[in-house]
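Novice: please work out how this folds:
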Amino acid sequence: MRYLRADPVPEELILRVVRAATCASSPGNCQGWDFVVVRETPQRERIAEAIRSAVLPIMPPVPEGGDPVRRRMLAGAHHLLDHLSEVPVWIFVCGAPVYPPNAPSADWIPATLYPAAQNLIVAARALGLGSVFTAYHALAEKKIRELLGLPASARIAVTIPMGWPARPFSPVKRRPVTEVLHWERW
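Specialist: Numbers count the residues shown, from 1 in each chain. Below is the predicted model:
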């Protein structure tokens, strides 16, 4: 959901989606995640400006024709970029090398953070909130890290804008399971 209203999200709901995130599996149950939640308008505006100035110059335009799915995705991405500072909640899913305990490696960070981020957006949807995985932070990482005050060891895996949907949820369209499922061998 890239179309979000500016209406505030109650803290109780933010706590519920982050709690759902912390119920995710993680390697060796390391639970090596941290979540930076941004709600204050000046901080949202600074983050929005950092992201827009890094992303807009390389964002492809919305095509006139072609694949309608790509057209909708790009239209939504442009809309989100145009309205970043209005998004009421930003959640940065972060973590540092903590696994394995005897030799922590950054290689294990995604195995910890992506399941947590997935739980978070599923919980948000169940509560009627809209959210979307983004990697916007990667294009403005130095500035975002500075704005968030992240320690040097922390990595941002996913940036999740979250709020009340400005449009109805569309049905999720995926390939049939029979096209992606392999029994016993590939």
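
Novice: where along the protein do the strands fall?
Specialist: 34-38, 89-95, 130-131, 155-163 (DSSP state E).

Novice: want to throw these into JSON lines with distance to residue 48, mean pLDDT and mean neighbour count?
Specialist: Just so you know, the C-beta spots here come from the backbone N, C-alpha and C atoms, and that holds for glycine as well. Shown next, in JSON lines, are the strands of the chain (distance: least, C-beta to C-beta, whole Å; pLDDT from 0 to 100; neighbours: other C-beta atoms under 10 Å):
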{"stretch": "strand 34-38", "distance to residue 48": "10", "mean pLDDT": "98", "mean neighbour count": "17"}
{"stretch": "strand 89-95", "distance to residue 48": "9", "mean pLDDT": "97", "mean neighbour count": "24"}
{"stretch": "strand 130-131", "distance to residue 48": "16", "mean pLDDT": "97", "mean neighbour count": "22"}
{"stretch": "strand 155-163", "distance to residue 48": "10", "mean pLDDT": "97", "mean neighbour count": "22"}
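
Novice: nearest to residue 3, of those strands?
Specialist: strand 130-131 (7.2 Å; C-beta to C-beta).

Novice: quick one: neighbours of residue 182, just the number.
Specialist: For residue 182, the neighbour count with other C-beta atoms under 10 Å is 6.

Novice: can you tell me what sits against the longest helix along the chain?
Specialist: Longest helix of the chain, by residue count under DSSP state H: helix 109-126. For helix 109-126, the surrounding residues in contact (C-beta atoms under 8 Å, 6 or more residues apart in numbering) are 16-27, 30-33, 91, 93-99, 130-133, 155, 157-158, 160, 162, 169.

Novice: could you rerun that using 6 Å?
Specialist: For helix 109-126, the surrounding residues in contact (C-beta atoms under 6 Å, 6 or more residues apart in numbering) are 17, 20-21, 24-27, 32-33, 93, 95, 131, 155, 157-158, 162.

Novice: let me see the contact set for the nearest residue to residue 51 once chain neighbours are set aside.
Specialist: Distances taken as C-beta to C-beta, 6 or more residues apart in numbering put residue 136 closest to residue 51, at 4.6 Å, once the chain neighbours are dropped. Contacts of residue 136 were listed using C-beta under 6 Å, 6+ apart, and they are 51, 55, 159.

Novice: ditto for residue 25
Specialist: Applying C-beta under 6 Å, 6+ apart, the residues near residue 25 are residue 115.

Novice: from now on call the first residue 11
Specialist: Right, with 11 as the first residue, what we last looked at is residue 35.

Novice: distance of it relative to residue 123?
Specialist: Going from residue 35 to residue 123 by C-beta to C-beta, to the nearest Å gives 12 Å.
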